[in-house]
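Sequence first, then the predicted structure, then my questions.
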Amino acid sequence: MSEGDAPRFRRLLVTGAAGFIGSCFVRDSLARRDGTTIVVLDKLTYAGNLANLAAVEADPEQAARLRFVEGDIADAAVVAPLVADVDAVVNFAAESHVDRSILDPAAFLRTDVMGVHVLLEACRIEQARAAGGDRAAAPRFLQVSTDEVYGSVEHGESREDDRLEPRSPYSAAKAGGELLARSYFVTFGMDVVTTRGSNTYGPYHHPEKLIPLFITNAIDDQPLPLYGDGLQQRDWLHVADHAGAIGHVLEHGVAGETYNVPGNNERTNSEVVAALLERLGKPWSLVRRVEDRPGHDRRYAMDGSKLVALGWTNRVPFGEGLAATVDWYRTNEAWWRAIKAGDWDDYYRRQYGGRLAGSREAG
């Protein structure tokens, strides 16, 4: 949401908000102190972390406007009463790591498709209540999606009306969820909007993802497993800009529309790794070239002109954002070391053990 705006939607259900982007959205929304109240619904899977909301809980005024419910978006009995009490639903809840989707595709279908269905059905019940005069208006539903639904983009930039060509179980599940959401707009006339964000980075990012994995491994002088030739291209978006753009679309987006949220910072993976190693003062010799993952998309890039026309532009330059992110992980070791405990070693061995055993130094 734009700075200084009075919110249209003051009572929010934010799902998956103990995760990376959702928790940033909650922290930033409540920090505006504009009277917004938020119910967080989160299953607290491995990627959900209540420590991500600790700053809110430490502020009495913000904490009074936050309610946390542990639960599954695919559980209608949990979802329905929560949706009944809000003006809008913002759905961040998702299984979101491509590597894990290759290891366990079924979990992604349950959350990213069936979970969306349950949320939409709860909103449809409230639409009927609004039509009957039992509430002022039906809740708006915002589905948070990803640039990965476009598939690998060899040239140019993806636009919102381009064909979807997902290439992993994760991106296919996300495409299914957002197409289902759009169908509820077309078929039932529900107030639905969708955002597609590019690769997001910043504080509180789970260390399974490239930037936090490589930062934390480098801090401990551990190998950095770089897929393939490292020339895959991604458009990097700071988490504060991503959360801000979602808030802006929630307030100003047109029902039935989809909005790309690019970072406008396209870099190869090798360039990103070189920059974070420079910031850490660590050598390139830590980087190991490992076997690429199956179906690895080569490039993502999106056209963001539709979002700009809606009134949103990003604030955080990539160099500044990456430096601040590296510094955050250096000064918040307790946060990520707690995550890199428990079953982390088992996941890491499954994902990288064989690859690292057959790896070679990156030239």
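Yes, it's here.

so residue 246 sits in a strand?
No: if the criterion is DSSP: H, G, I helix; E, B strand; the rest coil, then residue 246 is helix and not within a strand.

what about it, how many residues close to it?
Counted by other C-beta atoms under 10 Å, the residues lying close to residue 246 total 29. C-betas here are computed from N, CA, C, even on glycine.

what's the answer for residue 121, then?
14.

tell me the contacts of it?
Counting by C-beta atoms under 8 Å, 6 or more residues apart in numbering, residue 121 touches residue 76.

Return the distance of it relative to residue 75.
Using C-beta to C-beta, to the nearest Å, we find residue 121 at a distance of 12 Å from residue 75.

Please apply the same query to residue 220.
Residue 220 is 38 Å from residue 75, by C-beta to C-beta.

got a pLDDT number for residue 3?
Residue 3 is assigned 53 on the pLDDT scale.

Buried ones in the longest helix along the chain, by neighbour count?
Secondary structure of the chain per DSSP state H: the longest helix is helix 169-188. Going by neighbour count (16 or more other C-beta atoms under 10 Å), the buried part of helix 169-188 is 169-182, 184-185.

repeat for stretch 147-161
147-151, 153, 157-158, 160.

before we move on, what about stretch 335-346?
In stretch 335-346, counting by 16+ other C-beta under 10 Å, buried: 335-336, 339-340.

Closest one of the residues you listed to residue 115?
residue 339 (23.1 Å; C-beta to C-beta).

Distance-wise, check that closest one relative to residue 224.
Residue 339 is 18 Å from residue 224, by C-beta to C-beta.

next one: residue 120
Taken as C-beta to C-beta, the span from residue 120 to residue 224 is 41 Å.

Which strands or helices does the longest helix of the chain pack on?
Applying 3 or more C-beta pairs under 8 Å, 6 or more residues apart in numbering; DSSP states H and E, one finds that helix 169-188 contacts helix 98-103, helix 105-109, helix 115-131, strand 140-146, strand 192-197.

any idea of the mean pLDDT for the shortest one?
Same thing as helix 105-109. Mean per-residue pLDDT for helix 105-109: 81.

now the fourth one
Within the predicted structure, the mean pLDDT of strand 140-146 is 97.

Which positions in stretch 316-336 come out as buried?
316, 318, 321-322, 325-326, 328-329, 335-336.

what about the closest residue in space to residue 34 that isn't next to it in sequence, which SS state?
Closest residue in space to residue 34, ignoring its immediate chain neighbours: residue 7 at 5.8 Å, by C-beta to C-beta, 6 or more residues apart in numbering. Using three-state DSSP, the structure places residue 7 in coil.

and residue 231, how far is that from residue 295?
Relative to residue 295, and taking C-beta to C-beta, residue 231 is found at 16 Å.

ditto for residue 337
Distance from residue 337 to residue 295, by C-beta to C-beta: 32 Å.

again with residue 313
33 Å.

Likewise for residue 324?
32 Å.

Check residue 146 too.
The gap separating residue 146 from residue 295 is 15 Å, by C-beta to C-beta.

what's the answer for residue 322, then?
27 Å.

and if you look at residue 353?
From residue 353 across to residue 295, the span is 21 Å (C-beta to C-beta).

and stretch 28-42, how far apart are its ends?
One end of stretch 28-42 sits 18 Å from the other (C-alpha to C-alpha, to the nearest Å).

Return the set of buried residues in that stretch.
Result for stretch 28-42 [16+ other C-beta under 10 Å]: buried residues 28-30, 36-42.

nearest to residue 198, of the residues you listed?
residue 28 (18.5 Å).

quick one: contacts of the helix or strand containing residue 213?
Secondary structure from DSSP states H and E places residue 213 in helix 210-219. Residues from elsewhere that reach helix 210-219, judged by C-beta under 8 Å, 6+ apart: 201, 205-207, 223-224, 269, 272-273, 276-277, 280, 282, 286, 322, 325-326, 329-330, 333, 336, 340.

go again using 6 Å as the cut-off
201, 205, 207, 224, 273, 276, 280, 282, 286, 326, 329, 336 (C-beta atoms under 6 Å, 6 or more residues apart in numbering).

Report pLDDT for the closest residue to residue 8 other than its chain neighbours.
Sequence neighbours aside, residue 251 is the residue nearest to residue 8 in space, at 5.4 Å (criterion: C-beta to C-beta, 6+ apart). If you check residue 251, the pLDDT there is 97.

picking up where we left off before, need the helices and strands packed on helix 169-188 in CSV with distance to residue 247, can you?
Shown next, in CSV, are the helices and strands packed on helix 169-188 (distance: least, C-beta to C-beta, whole Å):
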stretch, distance to residue 247
helix 98-103, 26
helix 105-109, 26
helix 115-131, 19
strand 140-146, 9
strand 192-197, 10
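
which one of those lies closest to residue 68?
Taking those one by one with C-beta to C-beta, helix 115-131 is closest: 17.5 Å.

Show the contacting residues for residue 353.
With C-beta under 6 Å, 6+ apart, residue 353 has no contacts at all.

helix/strand/coil for it?
Residue 353 - assigned by three-state DSSP - is helix.

Please report the distance of it from residue 284.
Residue 353 sits 23 Å away from residue 284, going by C-beta to C-beta.

Also residue 225?
14 Å.

Between the two, which is the more surrounded one?
Comparing residue 225 with residue 284 by other C-beta under 10 Å, the one with more neighbours is residue 225, at 21 against 14.

Let me see the contact set for the more buried one.
288, 290, 352, 355-356.

what are the pairing partners of whatever helix or strand it lives in, and which direction each?
Element membership for residue 225, per DSSP H and E: strand 224-227. Paired neighbours of strand 224-227 in the sheet (DSSP bridges): strand 287-290 (parallel).

That's all I had, so thanks and see you.
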